[in-house]
Structure formats: C-alpha cells, structure tokens
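Trainee: Sequence first, predicted coordinates after that:
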Amino acid sequence: MLSEYKHPYVTVDLLLFSVIDGQLAVCLTVRDEEPYKDMYALPGSFIRENESAEGAVERLLSDKLSLTGQIYTEQLMTFSDVNRDPRERVISIAYIGIIPDQHMVNVPWMKWFTIQGSNVGSYKLCQVDGDESFISTSLGFDHDEMLNIAIDRLKGKIDYTDIIFKFLKDSKQFTASTLRHIYESVTGQEINRGNFTKYQMNTYMEHGLIKKTGSISIGRGRPADTYSYIGGDRLWIRY
C-alpha cells in the first residue's frame with residue numbers, strides 16, 4: 001500500500017557552466033539559511049507537487065537566475081544518499097546548464113567561479129571579478145560530488161556530441177580558433193591548432209554539424225574561415 005511509504009522530498013540542483021577568460025566556470029550562490037548557512041552551493045529548488053523536474057529547472061532559471069528563453073539543460077544524475085541532507089530525506093536530481101555569456105546571469109546573489117585544478121583531488125574555485133577562492137570540498141551538501149561528476153560529463157561529451165556549440169556566443173559565425181579555445185577550456189588540455197582543424201572541425205563538417213559561411217574573419221593573425229552551426233543533438237564516434 002502506498003500509505004506504508006513515507007514521501008521523501010525531491011529537489012533539483014543546477015550546475016550552470018560557462019567559459020570565462022579561457023576557463024570553465026560555474027555559477028554558485030551563498031546559502032542564507034541552515035543547513036550550510038553562509039557556504040557556497042549550487043542553486044536549487046524543491047519540486048512542487050504540480051510540476052515535473054524539468055519544470056522546476058525552468059522555474060529555477062527564471063525566478064532565481066532571471067534567465068528566460070532557450071537555455072540548454074540536460075539531466076546529469078540523481079543523488080539519493082540517505083544522509084545527503086541533514087534536515088530530512090531529500091533526493092536531488094542534478095542538471096547541467098550551459099550559457100554562452102556570463103553576463104546573462106545578472107542577479108546579485110549568484111557569483112561566477114572559474115574551475116582550476118588542485119593538488120588535493122578536488123578543484124580550486126576562484127571568484128570572477130572578486131577575491132574569494134576555496135577548494136570545492138567547501139561546497140554545501142554533496143555539491144562537490146555533483147561538480148566533479150558534471151565536469152567529467154562535459155569532458156567526455158565534448159568528444160562525441162554537439163555540446164561544445166552550446167558555449168558559443170554566436171553559433172552562426174565563428175572560427176575554428178574560437179571553438180578550439182572552448183574545447184581547451186572545458187577539457188583543461190591544450191590541443192594543437194592544426195590537429196584540431198584537421199580532425200575535430202572536419203568531423204563536425206562530415207557529420208553535418210557545421211558548414212563554412214563563405215566569409216572570413218580578419219584579426220591579428222591570418223584571415224580565418226568562419227563557420228555556422230547547423231546541426232542539432234547529433235552524435236558521432238571520434239576518429
């Protein structure tokens with residue numbers, strides 16, 4: 001009988017990423033109540049009785065982050081450790097979100113932190129346009145675990161999905177160099193310019209994800225071909 005089972009609370013937590021100054025960055029908020037009062041954590045919300053998890057994410061984006069329109073999100077995984085929340089039995093469904101421009105988040109209670117490697121097994125988070133920095137194990141709840149898993153997910157999916165294009169500020173006109181810098185920011189690894197153009201860009205073109213626009217970009221270096229993203233949610237196997 002259903003009456004024999006106590007209803008656990010269910011929440012959504014959002015890992016909102018962008019690329020800032022050549023580094024992968026995550027958006028965090030300071031908790032204003034217990035538990036973990038005054039600690040940084042991921043933005044989240046309890047799921048209401050009359051909404052889906054996806055609906056709760058949309059409401060979170062709109063109400064707490066003042067983001068409207070097409071924001072890319074995808075479900076990461078469910079976190080259900082019995083003791084993950086000291087208040088009650090709370091299950092969290094974590095989502096990854098990607099926005100191409102950090103300035104789209106323009107509310108004072110949200111802060112951007114670049115994600116840097118650390119020699120203690122977690123990440124060093126450094127505030128953008130601020131002085132705060134700390135190791136990601138200082139996040140409230142199990143949000144450090146969520147962050148680690150989400151970064152690994154991004155690093156993996158960037159090689160076999162079109163997720164890299166979600167970081168572009170202008171998906172209708174970009175250069176191979178622009179895309180390569182995003183790739184390096186997400187993976188944390190440098191990649192040879194020639195190899196990226198030869199393998200990654202050609203793979204994108206062969207699978208119908210991008211096309212040349214016919215125009216070139218003039219900058220400090222040599223003129224470069226520009227491309228337009230035309231694909232959508234396609235997968236491929238990396239050569």
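Mentor: Arrived safely.

Trainee: ok, and for the helix or strand where residue 145 lies, which residues are buried?
Mentor: For residue 145, the host element (DSSP states H and E) is helix 143-157. Within helix 143-157, the residues scored as buried using 16 or more other C-beta atoms under 10 Å are 143, 144, 145, 146, 147, 149, 150, 151, 153, 154, 157. (Each C-beta comes from the backbone N, C-alpha and C, glycine too.)

Trainee: In JSON lines: those residues, plus distance to residue 227 and pLDDT.
Mentor: Formatted as JSON lines, the buried residues of helix 143-157 follow (distance: C-beta to C-beta, whole Å; pLDDT from 0 to 100):
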{"residue": "143", "distance to residue 227": "36", "pLDDT": "98"}
{"residue": "144", "distance to residue 227": "37", "pLDDT": "97"}
{"residue": "145", "distance to residue 227": "37", "pLDDT": "97"}
{"residue": "146", "distance to residue 227": "33", "pLDDT": "98"}
{"residue": "147", "distance to residue 227": "31", "pLDDT": "98"}
{"residue": "149", "distance to residue 227": "31", "pLDDT": "97"}
{"residue": "150", "distance to residue 227": "27", "pLDDT": "98"}
{"residue": "151", "distance to residue 227": "26", "pLDDT": "97"}
{"residue": "153", "distance to residue 227": "25", "pLDDT": "96"}
{"residue": "154", "distance to residue 227": "21", "pLDDT": "97"}
{"residue": "157", "distance to residue 227": "20", "pLDDT": "92"}
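
Trainee: What about residue 87, how many residues nearby?
Mentor: Close neighbours of residue 87, defined as other C-beta atoms under 10 Å, add up to 8.

Trainee: other SSEs contacting the longest strand along the chain?
Mentor: In the chain, assigned by DSSP state E, the strand with the most residues is strand 9-20. Where contact means 3 or more C-beta pairs under 8 Å, 6 or more residues apart in numbering; DSSP states H and E, strand 9-20 is packed against strand 23-30, strand 44-46, helix 53-63, strand 72-79, strand 90-98, strand 110-117, helix 143-157, helix 176-187.

Trainee: Does anything pack onto the helix or strand just after the first one? Which helices or strands?
Mentor: Along the chain past strand 23-30, the next helix or strand (assigned with DSSP H and E) turns out to be strand 40-41. Other elements packing on strand 40-41 under the criterion 3+ C-beta pairs under 8 Å, 6+ apart are strand 23-30.
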